[in-house]
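Q: got a sequence here, can you model it:
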Amino acid sequence: MKKKKIKPFDWSPPSLKQLKVLTWWMKGSPYADCDTLICDGAIRSGKTVIMVLSYINWASANFNDETFAICSKTIGAFRRNVLVPLKKMLADLNYIIEDHRADNLITVVFKDDKTGKVISNDFYVFGGKDEASQDLIQGITLAGVFFDEVALMPESFVNQATARCSVDGSKLWFNCNPEGPFHWFYIKYIKKAKKRNALRIHFEMEDNPSLTTRIINRYKNQYSGVFYKRFILGQWVQAEGIIYSMFDRNVNIVQAKTREYEAYYVSCDYGTKNPTVFLLWGKIGKQWVCFKEYYYDGRKEGIQKTDTQYADDYEDFIGYNKTVTIIVDPSAASFIAELRSRGYNVVSANNDVLDGIRLTGSLIKQQTLLFTENCSHTEEEFHTYVWDEKASAKGEDKVVKEHDHCMDAVRYFVNTILKYLESNQPYDDSIYRKGMGANHRAPASERQDTLNKLLEHNDIF
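A: Just a heads-up that it's a prediction; the model follows:
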């Protein structure tokens, strides 16, 4: 099999801040004696790509036959977000990159045409997703560490990795998008940058020369509230107040009337003592309308329902139509089993809270999500779903776990289905044709094939 040829990198003239990143460590730079580089700020502002290129250049210019680390939240995220553009850039610059996937090792080789000297360094890739990740990096000796999205990593992992840098001349490289003002990295690194002998460069979208004004404006229109301040303005601000402050009854609530929908889904937040919610979604063009709601609060009603009773209620809710996929709270294993035993297509929901809230807020602002006026519990929760102020004071983004059951059901639908459809990866458009009406119905085998493709897609789980 022929080796796949790497496409050339689409180079743009670097911005002033990107040039600063490229040259800060070089002889004659006023920052050459700094031990650390910190790049934080807006999303899509050109931090990561220019940083990892500078990191490789610095390592090749100052070391030979040394060991370095590149850390991301997960190794998969590194390969998608960093390694793909890095390979293209290094190929253009006459580097040779050897990817040893089984060992999570990348060897970068550079031959100096003037001297004939061959420089070779090893870069181990580590995932820092949780407290246990620190065990993976123990014992290694490093000449440098690059942390991609360091604010998503636990402090224990970062401390363990930085403690490995004992080679003379080693440096630390950090990039991230902002979190809250009490986040450990903001307090211990950014606010103490001078004490740590660190150069901090704050990026904005306009610092990325590859973004047009049209694209920048599109990103600005996607976010509101705390996510606008963090992702667009690059500010380390606290999450407080109503979470979906962009929700506007005059815009996002529509009249309850009969409509011809192109596709259907149901999302469910399941509870035994807590309320159980079913939301029925229909697609019209590029919009999704939540037009039917089931809400049962066992505590309030004084009678708890069983899985069998809830499944009976679901059959009444959906009209016994088994062609519609239902997305269910992943903790509801027994209810999922009950529905599947009755022949329903069930998908376990993606329960990433913050990512789901961010995407849901964007789609509400863009008027992609609409709700009919008879979804009263859902509308009520939009006005009572708030950030946990006590958690924010500790540097954590958490929601108050009250009045959130409809909000969870909305998030499950968005983060399991619409996140997939929003991605730039190809998808099978036939999922749009699996509906409730006779004109949209497909054979069971075809429906299952489509569902399998949906479940196999990496952007879902």
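Q: how near is Lys191 to Ile38?
A: According to CB to CB, to the nearest Å, Lys191 stands 11 Å off from Ile38. Placement of C-beta: from N, CA and C, glycine included.
Q: what do you get for Phe182?
A: For Phe182, the distance to Ile38 - CB to CB - is 17 Å.
Q: before we move on, what about Pro275?
A: Noted for Pro275: a distance of 44 Å to Ile38, by CB to CB.
Q: likewise for Ser15?
A: 17 Å.
Q: of these two, who's got more company?
A: Relative neighbour count places Ile38 above the other of Ser15 and Ile38, with 22 against 19, counting by other CB atoms under 10 Å.
Q: residues in contact with that one?
A: The neighbourhood of Ile38, defined by CB atoms under 8 Å, 6 or more residues apart in numbering, consists of 174-175, 189-190, 193, 198-201.
Q: between those, which is nearest Phe110?
A: Phe110 lies nearest to Asn175 out of the contacts of Ile38, by CB to CB, at 23.2 Å.
Q: who does the closest one form a beta bridge with?
A: Beta-bridge pairing for Asn175 (DSSP bridges): Cys39, Asp148.
Q: residue contacts, it?
A: Here Asn175 is in contact with 38-40, 47-48, 51, 147-150 (criterion: CB under 8 Å, 6+ apart).
Q: save these as a markdown table, and put in distance to Asp269 too.
A: Shown next, in a markdown table, are the contacts of Asn175 (distance: CB to CB, whole Å):
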| residue | distance to Asp269 |
| --- | --- |
| Ile38 | 39 |
| Cys39 | 39 |
| Asp40 | 35 |
| Lys47 | 36 |
| Thr48 | 35 |
| Met51 | 40 |
| Phe147 | 35 |
| Asp148 | 33 |
| Glu149 | 29 |
| Val150 | 33 |
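Q: now those residues in a markdown table, with pLDDT and distance to Ala32?
A: Converted to a markdown table, those look like this (pLDDT from 0 to 100; distance: CB to CB, whole Å):
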| residue | pLDDT | distance to Ala32 |
| --- | --- | --- |
| Ile38 | 98 | 16 |
| Cys39 | 97 | 17 |
| Asp40 | 97 | 21 |
| Lys47 | 93 | 20 |
| Thr48 | 91 | 22 |
| Met51 | 95 | 17 |
| Phe147 | 96 | 21 |
| Asp148 | 94 | 23 |
| Glu149 | 94 | 26 |
| Val150 | 96 | 23 |
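Q: tell me where the stretch 1-150 of the chain has helices.
A: Taking DSSP state H, counting those that start in this stretch as the criterion, the stretch 1-150 of the chain carries its helices at 16-23, 47-62, 75-78, 84-92.
Q: distance between the first one and the chain's centre?
A: Spelled out, that is helix 16-23. Here the centre of helix 16-23 is set off from its chain's centre by 27 Å, with CA atoms, centre = their mean, to the nearest Å.
Q: give the other helices and strands that it contacts.
A: In terms of contacts (3 or more CB pairs under 8 Å, 6 or more residues apart in numbering; DSSP states H and E), helix 16-23 is packed against helix 47-62, strand 198-203.
Q: one more time with 10 Å
A: strand 36-41, helix 47-62, strand 198-203 (3 or more CB pairs under 10 Å, 6 or more residues apart in numbering; DSSP states H and E).
Q: list the residues that contact Asp33.
A: Going by CB atoms under 10 Å, 6 or more residues apart in numbering, Asp33 touches 25, 197, 199.
Q: Ser348 versus Asp329, what's the distance?
A: Relative to Ser348, and taking CB to CB, Asp329 is found at 8 Å.
Q: looking at those two, which one has more neighbours?
A: Asp329 (22 against 18).
Q: excluding its backbone neighbours, what's nearest that one?
A: In this structure, Asp329 finds its nearest non-sequential neighbour in Tyr270, 4.6 Å apart by CB to CB, 6 or more residues apart in numbering.
Q: check contacts around Arg358.
A: For Arg358, counting by CB under 10 Å, 6+ apart, the contacting residues are 222-223, 226-227, 230-231, 352, 414-415.
Q: ok, back up a step: any idea which of the helices of the stretch 1-150 of the chain is most buried?
A: helix 47-62 (a mean of 21; mean count of other CB atoms under 10 Å).
Q: roughly how far out does that one sit from the chain middle?
A: With CA atoms, centre = their mean, you get 24 Å for helix 47-62.
Q: how many residues are close by Trp11?
A: There are 11 residues near Trp11, going by other CB under 10 Å.
Q: just the pLDDT for the spatially closest residue to it that is not a sequence neighbour.
A: In this structure, Trp11 finds its nearest non-sequential neighbour in Asp92, 7.4 Å apart by CB to CB, 6+ apart. Turning to Asp92, the model gives it a pLDDT of 84.
Q: quick revisit: can you say which of the contacts of Ile38 are buried?
A: Burial by neighbour count, judged by 16 or more other CB atoms under 10 Å, picks out 174-175, 189-190, 198-201 from those.
Q: circling back to that earlier point, from the contacts of Ile38, pick the one nearest Thr258.
A: Closest to Thr258, out of all of those and judged by CB to CB, is Asn175, at 51.0 Å.
Q: I'd say Ile327 and Gly356 touch.
A: No - assessed by CB atoms under 10 Å, Ile327 is found out of contact with Gly356, at 11.6 Å.
Q: for the two, list the residues in contact with both.
A: With CB under 10 Å, 6+ apart, Ile327 and Gly356 have common neighbours 349-350, 412-416.
Q: what would the residues you listed look like in CSV with secondary structure and distance to Pro30?
A: Output for the shared contacts of Ile327 and Gly356, formatted as CSV (DSSP: H, G, I helix; E, B strand; the rest coil; distance: CB to CB, whole Å):
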residue, secondary structure, distance to Pro30
Ala349, coil, 51
Asn350, coil, 46
Tyr412, helix, 51
Phe413, helix, 52
Val414, helix, 47
Asn415, helix, 45
Thr416, helix, 50
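Q: which ones are touching Thr170?
A: Just to correct that, residue 170 is Ser rather than Thr. 35, 59, 62-63, 66, 68, 141-145, 162, 164.
Q: nearest spatial neighbour of the residue most central in space within the chain, skipping sequence neighbours?
A: With distances taken as CA atoms, centre = their mean, Asp355 lies nearest the centre of the chain, 5.5 Å away. Leaving aside its chain neighbours, Asp355 sits nearest to Asn415 (6.4 Å; criterion: CB to CB, 6+ apart).
Q: that neighbour: neighbour count?
A: Neighbours of Asn415 using other CB under 10 Å come to 24.
Q: pLDDT below threshold where in the stretch 301-450 of the chain?
A: 421-450 (pLDDT under 70).
Q: kindly recompute the last result at 80.
A: 320, 393-395, 420-450 (pLDDT under 80).
Q: likewise for the stretch 51-200 of the chain?
A: 112-114, 130-136.
Q: what about the strands in it?
A: For the stretch 51-200 of the chain, applying DSSP state E, counting those that start in this stretch gives strands covering 67-72, 95-100, 105-111, 118-127, 144-148, 171-176, 198-203.
Q: ranking those by burial, who's on top?
A: strand 144-148 (a mean of 26).
Q: out of the contacts of Arg358, which end up buried?
A: Here, 16+ other CB under 10 Å leaves 222-223, 226-227, 230-231, 414-415 buried among the contacts of Arg358.
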